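A.B. asks: turn this into a model:
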Amino acid sequence: MAVLIHGMWGTSAVWRNWRPLLEERGWATIADTLRYHDAAADSPPAALGETSLHDYVADLETTILALPEKPVVIGHSMGGLIALLLCARGLARAGVLLTPAPPSSVIALRPSNLMAFARIQARWAWWRKPHRATLREALTYTFNTSDPVDGTIEHAGFVHESGRALLEIGMPWLDDRKAATVDPRRVTVPLLFVGAEKDRLVPPGVVRRTARQFAHVADYVEYEGQGHWVLGQPGWERVADEAETWLKGKAA
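C.D. replies: Next comes the predicted model:
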């Protein structure tokens, strides 16, 4: 059983490529849409703005505890951090973290990701409001190694994200609830960290630094020429194939 966790601005639809591949290889999959992410892109609920990573983790914990067996978790971007938090709670038997947002112990601020969120963070009270990337931002930072036509189609599926979650990830020192904090000693299951050479949202150096903190259980792989969108850009098949092979060896 594999639980797939999407990232910021996403829904379960982002797994449209990975789910069939995994299921063809014998994995049952669950891909929930995170809390409030099923709302229309033009009418996000106000409550989304103050939704925490804690809320996302709690919802997924409920899902996992109802399963007949402990699953593996596969998360992308913010979903990678959520997957790591679930592993720290002992809720998974292995985790694949695809270009994951880092825990609070790794400072992720780089020029490229600062620019990616500059417009959003220029709004007063952005930390308690829903936000959504523009098409230009998406093509520049998320889909920079994808065909622009494909990136435009993917962006059309973007929904709003929580300002609170963005603060918890991007400025964890301001978060009194420590939602992005993970004690490496609490993670005892195998982890695969996947970095991408041309990732502008979570640069590979950030992913490498995170993986080093979990070196007692972690493997790290980095894909040359790839950007953040390892779920669907050219070359995604190799990433998915090698991640599934790693899972088969570690958690079958």
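
A.B. asks: gap between the host helix or strand of residue 116 and the chain center?
C.D. replies: Counting by DSSP states H and E, the element that carries residue 116 is helix 111-121. Distance of helix 111-121 from the chain centroid (Cα atoms, centre = their mean, to the nearest Å) equals 18 Å.

A.B. asks: for stretch 48-56, same thing?
C.D. replies: How far stretch 48-56 lies from its chain's middle: 14 Å, per Cα atoms, centre = their mean.

A.B. asks: for that stretch, list the C-alpha coordinates in CSV.
C.D. replies: Presented in CSV, the C-alpha positions along stretch 48-56 are these (Å, rounded to 0.1, in the frame of the first residue of the first chain):
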residue,chain,number,x,y,z
LEU,A,48,-7.4,27.5,4.3
GLY,A,49,-5.2,30.5,5.0
GLU,A,50,-4.7,29.4,8.6
THR,A,51,-4.5,25.7,8.0
SER,A,52,-1.3,24.2,9.4
LEU,A,53,1.0,21.4,8.4
HIS,A,54,-0.3,19.9,11.7
ASP,A,55,-3.8,19.7,10.2
TYR,A,56,-2.6,18.0,7.0
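
A.B. asks: check which element follows the helix or strand encompassing residue 3 along the chain.
C.D. replies: Following DSSP H and E, one finds residue 3 within strand 2-5. Later in the chain than strand 2-5, the nearest helix or strand by DSSP H and E is helix 18-24.

A.B. asks: what's that following helix packed up against?
C.D. replies: strand 2-5, strand 29-30, helix 236-251 (3 or more Cβ pairs under 8 Å, 6 or more residues apart in numbering; DSSP states H and E). Any C-beta I mention is one placed from the backbone N, CA and C, and that applies to glycine too.
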